[in-house]
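**Student:** A structural model of the following input is requested.
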Amino acid sequence: MEAFIGTILPWAGTYAPQDWLFCDGRQMQISTNSALYAVIGTTYGGDGRNYFNLPDLRGRVMIGGGRNQASNRDWILGQAKNGNMQTTITNSNMPAHNHAITNTVTPNSETTIPVSLDIGIPVNTSPSNTTTTNVPSNNNCTLGVSKTAPPQNSSVNMYTTSEPTPNATLRPFNITKNINIPATTVNSSCANTGSGTPINIQPDSLCLNFIICVSGLFPPRP
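**Tutor:** Residues are numbered from 1 along each chain as shown. Modelled structure (predicted):
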């Protein structure tokens, strides 16, 4: 059965049949393979003057050329793209997540802080307006006689009719105290995890040969 020149087929055999060659990227002379050159040209390599190359499908997966509607990406005929059998996840590939932080509190020696306070105690000295007292005359009641104030035998009034200063404050006094505050150290750590082991992304596969028809029917253009 003759095939169109340039036809590629998977082949389970260990050798390429007559008029077919393995798709191994080898160089072909233009002068002796003009029909095949007219079909594929230098799409898969070559200088276009003396030789051209066959497609190299060793360890590769064929993909259709043109624009992919889902990804809006153009695939150019003959374009070879190297893939990876393994990959390593980076920060940009990972979903948003949190890491737990471990806090360790270590007690240390105490710290002494001196504190000084000035204290004044307010006192209500306003007289009560509800108390009734029989007030003796200040001219007839003597508290005592001053021994030092002249003149001798002078008298001292027992009370005064003047109202005391309201809202007085007892004489302020000072308290000084040392306050001991325990000193502590807080250590926070967020340890790394993971080993960065590459992930195998190779799908299950079965290795076969691909062969290309180099001599046969010339495919007519529509």
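**Student:** where in this protein is pLDDT low?
**Tutor:** For the chain, residues meeting the criterion pLDDT under 70 lie at 123-167, 170.
**Student:** phi, psi for the nearest residue to residue 174 once chain neighbours are set aside please.
**Tutor:** Distance criterion C-beta to C-beta, 6 or more residues apart in numbering; nearest residue to residue 174, sequence neighbours excluded, is residue 118 at 5.4 Å. Yep, even glycine has a C-beta here, placed from its N, CA and C like the rest. Torsion angles at residue 118 (phi, psi; degrees, to the nearest 10) stand at phi -100, psi 120.
**Student:** who are the contact partners of residue 115?
**Tutor:** Residue 115 makes contact with 176, 177, 178, 179 under the criterion C-beta atoms under 8 Å, 6 or more residues apart in numbering.
**Student:** apply 6 Å and report the result again.
**Tutor:** 177, 179 (C-beta atoms under 6 Å, 6 or more residues apart in numbering).
**Student:** so how far is the helix or strand hosting it off the chain centroid?
**Tutor:** Element membership for residue 115, per DSSP states H and E: strand 102-119. Its chain's C-alpha centre and that of strand 102-119 lie 35 Å apart, by C-alpha atoms, centre = their mean, to the nearest Å.
**Student:** buried residues in that strand, which are they?
**Tutor:** Using 16 or more other C-beta atoms under 10 Å as the test for burial, strand 102-119 gives no buried residues.
**Student:** can you list the strands that that strand pairs with?
**Tutor:** Next to strand 102-119 in the sheet, as set by DSSP bridges, lie strand 173-189 (antiparallel).
**Student:** residues in contact with the following helix or strand past the partner strand?
**Tutor:** Going down the chain from strand 173-189, the next helix or strand is strand 199-200, by DSSP H and E. Strand 199-200 is contacted by residues 86, 87 when judged by C-beta under 6 Å, 6+ apart.
**Student:** the chain: helices as residue ranges?
**Tutor:** 34-40 (DSSP state H).
**Student:** against residue 119, how distant is residue 173?
**Tutor:** 6 Å (C-beta to C-beta, to the nearest Å).
**Student:** hmm, residue 173 and the residue nearest to residue 174 touching each other?
**Tutor:** No. Look at residue 118 against residue 173 with C-beta atoms under 6 Å: they stay out of range, at 7.7 Å.
**Student:** any idea what residue 29 is bridged to?
**Tutor:** residue 51.
**Student:** if we can go back for a sec, where's the residue nearest to residue 174 relative to residue 196, distance?
**Tutor:** Going from residue 118 to residue 196 by C-beta to C-beta gives 65 Å.
**Student:** do residue 36 as well
**Tutor:** 47 Å.
**Student:** of the two, who's got more company?
**Tutor:** Taking other C-beta atoms under 10 Å, residue 36 and residue 196 do not tie; residue 36 has more neighbours (22 against 7).
**Student:** quick one: contacts for that one?
**Tutor:** 5, 214.
**Student:** quick one: it from residue 208, how far?
**Tutor:** Taking C-beta to C-beta, one finds residue 36 at 22 Å from residue 208.
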